[in-house]
Every structure is written in C-alpha cells, then in structure tokens.
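Asker: Structure here, sequence nowhere to be found:
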C-alpha cells in the first residue's frame, strides 16, 4: 500500500493549493495561529520557505493520477533535530494517507541527516495524535493545549 503515494519537493506551483489547504476551516482550528492567512502573506512566506536551507517542504501525491494529497514541512534546527507539520488536502481526510505520507517523509528526513523529529499537536486533534502514536512517536511532554511528541529516527 505504501506505493499508493509518493513525495516530491514543493515548488512555486504548489503555493496556491497549500494556501487553500491551510485556510480550510478544520485545518485552521488545529493550528496555533487560526486566522485566515492572506494570499500575499502566504505566497511571500512560501517563496522564502522554498529557499530556506532549514526547511524541507514535501508534497505528497497519488501515484496513479498525480493528485496532491498534502504537504509535510520540517523545520530543522541544524543540530539533527526537526519539527514536523503535516497538512492534508481536505479532500483526502479519513483515507489513511497521512500515515503513508508522513512515514515516507520521515525516511526522507533521515536521509537528510536529521535523527530526531518533534511534533506539537493540539490535544483536540485526535486524528493527528493517533497518527503520531501509530508511527512510533512518544509523548515527551504536554501543556494545557498541546502534546509534544518525539521520535528518534534510525
């Protein structure tokens, strides 16, 4: 089943789709900053992220038709640690593809020299909580609103 989706590096042509997914109402509710992001603000951020050596942006797509499934972003700190953020195309929620996409992206991350992955997940975001547990992340800490997950990559 892992050959259902594949990954590629994000390009400028992905900016509009990722902006739309980010502004989806359900998606926004799960982010720390829940306001609608204006196109100009997003497009500038996206252009800068594409050339930022400390960011990895990967787009997941269906192998059979090329349709975009979602995006995984890693913010690397230069010491072998990265924070992950995953956002699914709303049309693909509930189909189990986030696990495939994140798992493949972790393989990519390891090949980039990162050995520790961290994620900050809202406690109310049960699909993401379950996703990180299912991929072997463990609960490192928590506060009132968030779980902090970690996984050593090997």
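Answerer: On my side now, so go ahead. Values in this document were obtained by computation on a predicted structure and should not be read as measured data.
Asker: any chance you could map the strands in the chain?
Answerer: Using DSSP state E, the strands of the chain run over 5-9, 55-62, 68-76, 81-88, 116-122, 138-142, 146-152.
Asker: Out of those strands, which gets nearest to residue 105?
Answerer: strand 68-76 (4.2 Å; C-beta to C-beta). Quick note: C-beta positions are derived from backbone N, CA and C, even for glycine.
Asker: Counting by contacts, list what that closest one packs against.
Answerer: On a contact count with 3 or more C-beta pairs under 8 Å, 6 or more residues apart in numbering; DSSP states H and E, strand 68-76 meets helix 15-22, strand 55-62, strand 81-88, helix 97-111.
Asker: Dump those to CSV, plus distance to residue 148, mean pLDDT and mean neighbour count.
Answerer: Output for the helices and strands packed on strand 68-76, formatted as CSV (distance: least, C-beta to C-beta, whole Å; pLDDT from 0 to 100; neighbours: other C-beta atoms under 10 Å):
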stretch, distance to residue 148, mean pLDDT, mean neighbour count
helix 15-22, 22, 95, 17
strand 55-62, 20, 96, 19
strand 81-88, 10, 95, 20
helix 97-111, 16, 93, 18
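Asker: Out of the ones you listed, which is closest to residue 48?
Answerer: Closest to residue 48 of the helices and strands packed on strand 68-76 is strand 55-62 (C-beta to C-beta; 8.7 Å).
Asker: which residues sit against the lowest-mean-pLDDT helix or strand in the chain?
Answerer: The least trusted helix or strand in the chain, going by mean pLDDT, DSSP states H and E, turns out to be helix 25-30, with a mean of 80. Contacts to helix 25-30, defined as C-beta atoms under 8 Å, 6 or more residues apart in numbering, come from residues 21, 22, 34, 35, 36, 87, 90, 93, 122, 124, 125, 128.
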